[in-house]
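Q: heads up, no residue letters with this:
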């Protein structure tokens, strides 16, 4: 019969939850264009709308990409939090089952042959 190891489950839960923090830190490193636009003029001057900066389209595209990447990082971080919680719940259930079995089992000297 396999042995349950709630302590190992809780250790893994802590490691999974630490991934949550790594996702949050990495997400902060994904930024859009700040300051001067590094792409310079993307459109030719005759293609510009009145008042449009030559590379606004690129800045907007990068902003949309950044927002999408941020959403993916947020979703992954939440998944890690949920996974950690599920592992902790499993560890608690194993402990409760072991405790209940210990309390319910009475072995009298010589009465149980294995």
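A: Arrived safely, thanks for sending. Note that the coordinates shown come from a computational prediction; the quantities given were computed from them, not determined experimentally. Residues are numbered from 1 along each chain as shown.

Q: Quick check, central residue of the protein?
A: residue 77 (2.2 Å; Cα atoms, centre = their mean).

Q: Return the list of helices and strands in contact with the helix or strand containing residue 28.
A: Taking DSSP states H and E as the criterion, residue 28 maps to helix 6-29. When contacts are defined as 3 or more Cβ pairs under 8 Å, 6 or more residues apart in numbering; DSSP states H and E, helix 6-29 sits against helix 56-104. Heads up, the C-betas are built off the backbone N, CA and C, glycines and all.

Q: Show me what the helix it packs on is packed up against.
A: Using 3+ Cβ pairs under 8 Å, 6+ apart: helix 56-104 touches helix 6-29.

Q: And the helix it packs on, what's buried?
A: The neighbour-count check on helix 6-29 (16 or more other Cβ atoms under 10 Å) flags 6, 9, 10, 12, 13, 16, 17, 19, 20, 23, 27 as buried.

Q: my read: the second one touches residue 87, true?
A: Yes - Residue 9 is in contact with residue 87 according to Cβ atoms under 8 Å; the separation is 5.0 Å.

Q: Name the nearest residue to residue 5, ignoring sequence neighbours.
A: Closest residue to residue 5 apart from its sequence neighbours, by Cβ to Cβ, 6 or more residues apart in numbering: residue 94 at 7.8 Å.

Q: Tell me how many other residues surround the one you found.
A: Applying other Cβ atoms under 10 Å, we find 16 residues neighbouring residue 94.

Q: Then residue 84?
A: Neighbours of residue 84 under the rule other Cβ under 10 Å: 20.

Q: got the contact list for it?
A: 13, 14, 16, 17, 20 (Cβ atoms under 8 Å, 6 or more residues apart in numbering).
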